[in-house]
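> Compute the structure for the input listed below.
(chains A and B)
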Number of protein chains: 2
Amino acid sequence: MDKLIVIKIGGNIVDDEAKLSSFLQDFAFVSGPKILIHGGGKVATKIGESLGIESKYVDGRRITDAATIDLVTMVYAGLINKKVIAQLQSLNCNAIGVTGADGNLIPANKRPVKEIDYGFVGDVKSDKINAQNWSSLLEHGFTPVVAPITHDGNGQLLNTNADTIAQEVAKAMSGLYEVSLIYSFEKAGVLLDANDDATVISKIDPSSYQELKAEGKIFAGMIPKLDNAFAALNSGVKKVVIGKAEQLKDLINGESGTSITNS
Amino acid sequence: MDKLIVIKIGGNIVDDEAKLSSFLQDFAFVSGPKILIHGGGKVATKIGESLGIESKYVDGRRITDAATIDLVTMVYAGLINKKVIAQLQSLNCNAIGVTGADGNLIPANKRPVKEIDYGFVGDVKSDKINAQNWSSLLEHGFTPVVAPITHDGNGQLLNTNADTIAQEVAKAMSGLYEVSLIYSFEKAGVLLDANDDATVISKIDPSSYQELKAEGKIFAGMIPKLDNAFAALNSGVKKVVIGKAEQLKDLINGESGTSITNS
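Residues are numbered from 1 along each chain as shown, chains lettered A, B, ... in the order given. Alright, predicted model coming up:
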């Protein structure tokens, strides 16, 4: 089985032109088939304000009304994605920018309204991701760069969490490739003290995860990321690493960040 | 040689939700390999006004400063392109949205500054379009939908005329396919009276074109389109038709619009 590296880059890096540029240089030099998923960053909120589109959040999640799905489609799939593509092309990485609508790469359902109406938010239909579609892009030498937008198959674009997209794509591809999933962001990994990179936990397995959670040592924002990581491992993904975008090479080699393992 | 249909849809249709939707239904049903290039429409100007980005034109051409290239990238490659993709996917057309930066599909040069500084405007490097890249998308069953943005290979996105992109892509593909190039817009074709669809000229060849121009019978806005059309024919494109977006099927069959021929 060929190796495939699926890398998610966090919104805070996307917002920082110098850090993004440095990350993309490292990314371009990663050998073999690879997929990049980028978060949205704060630029959508800023452009939204200029357009009079108010950002609404419930429990840290953006509520995506009709104006907001247009806004994030413009900013994520247009501005951010195409700037990344142009930079990667200048680094001889044959990047091709996609959303989940393009090539029907990530089918999703609009999230059902329960207590909260999230609006035009998509939950990925895990079993409907066509690995062969992705693989044909990879085999031709294209490097897919994914903006966190999906679609419902009935013409509606949907806003979707980039961490989730990374996990779902990694899972779907694990039937065809030996997949490593890298979550890269502004911190050194899973930290005991969220403000101190030196407190990085180098390895987490299911039992240490339970202990750390029980002791309240895991920062709340990391829990969905870790849950995603274990879900990915349980679905065939070979390796999950969480760590600093500046250390991409070391994250891939397992010499930096937090490695999540199933044993 | 397989047939390939390259269709350009004008900005006035893109601006009109009902007309666009009806066009996309017809487009989805066109059989065989096909490529769609869409214009920008007026929505970029409108969104630009809300963002305080002034639209500047010289001789009917937009001057693309740094704020404007961001704007058109958001609107053309994000908002318009992805809405078209989602609609085509709902019609079982496996569309994939691209700019000229994606997959390095359309390399360009920033237009040199002479009397006018057009800013971040790209002139397509005709001989650098890699037909094999396009062909691999088509052969996999993807239908490329192109937003009128290119890149310079050094990381800079560039605004590029959609008519020109359609012509250049059609030319580049004519080595691998028997290419028909269709310019579809709001008029019935090349008209003797710009306000009367009944005055459509059904066929124009080089000698009748010279006559019509000499007699001042060709509306100025059509001249670049016709020059493009003859340039395409001279470079191996089999057929060029200009006509009404509502009559796509008839344009393809040669039963409507203006057919441009080399003899």
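> Return the residues in contact with the residue in the stretch 101-250 of chain A that chain B sits nearest to.
Taking CB to the nearest CB, chain B has its nearest neighbour within the stretch 101-250 of chain A at residue A:155, 4.0 Å off. From N, CA and C alone the C-beta is placed, and that goes for glycine too. Residue A:155 is in contact with B:86, B:87, B:89, B:90, counting by CB atoms under 8 Å, 6 or more residues apart in numbering or on different chains.
> Ramachandran coordinates for the spatially closest residue to the last one that is not a sequence neighbour?
Across the structure, with CB to CB, 6 or more residues apart in numbering or on different chains as the measure, the residue nearest residue B:90 apart from its sequence neighbours is residue A:155 (4.0 Å). Dihedral pair for residue A:155: phi 100, psi 0, per degrees, to the nearest 10.
> count of residues packed around residue A:49?
Other residues lying near residue A:49 total 11 when counted by other CB atoms under 10 Å in any protein chain shown.
> Tell me the spacing between it and chain B.
As judged by CB to the nearest CB, to the nearest Å, residue A:49 and chain B stand 10 Å apart.
> Also residue A:100?
Taking CB to the nearest CB, one finds residue A:100 at 10 Å from chain B.
> Now do the phi/psi pair for that residue.
Backbone torsions for residue A:100, taken as degrees, to the nearest 10, come to phi -70, psi -10.
> I'd say it and residue A:151 touch.
Yes: counting by CB atoms under 8 Å, residue A:100 sits close enough to residue A:151 to count as a contact (5.9 Å).
> Mind listing the shared neighbours of the two?
Shared contacts of residue A:100 and residue A:151, defined by CB under 8 Å, 6+ apart, are found at A:106, A:107, A:108, A:122, A:158.
> Just the ones in helices from the residues you listed, please.
Residues of those located in helices (DSSP state H): none.
> Out of the residues you listed, who's the most crowded?
With neighbours taken as other CB under 10 Å, the top of the shared contacts of residue A:100 and residue A:151 is residue A:106, carrying 31 neighbours.
> thinking it is in contact with residue A:168, fair?
Yes: between residue A:106 and residue A:168 there is a contact under CB under 8 Å: 7.0 Å.
> Mutual contacts of the two, please.
Common contacts of residue A:106 and residue A:168 (CB under 8 Å, 6+ apart): A:124, A:129.
> How many residues are close by the residue lying closest to residue A:24 once chain neighbours are set aside?
In this structure, residue A:24 finds its nearest non-sequential neighbour in residue A:87, 5.0 Å apart by CB to CB, 6+ apart. Using other CB under 10 Å, residue A:87 is surrounded by 24 other residues.
> hang on, residue A:87 is in a helix, isn't it?
Yes: using DSSP: H, G, I helix; E, B strand; the rest coil, the assignment for residue A:87 is a helix.
> Quick check: phi and psi at the spatially closest residue to residue A:194 that is not a sequence neighbour.
On the basis of CB to CB, 6+ apart, the spatially nearest residue to residue A:194 that is not a chain neighbour turns out to be residue A:219, at 4.6 Å. When read as degrees, to the nearest 10, the backbone of residue A:219 gives phi -60, psi 130.
> show me what contacts residue A:219?
Residue A:219 sits in contact with A:190, A:191, A:194, where contact means CB under 8 Å, 6+ apart.
> Make sure the last one is indeed in a strand.
No: with three-state DSSP as the criterion, residue A:194 is coil rather than part of a strand.
> Distance of residue A:32 relative to residue A:245?
Between residue A:32 and residue A:245 the computed distance is 19 Å (CB to CB, to the nearest Å).
> Cool, thanks, signing off.
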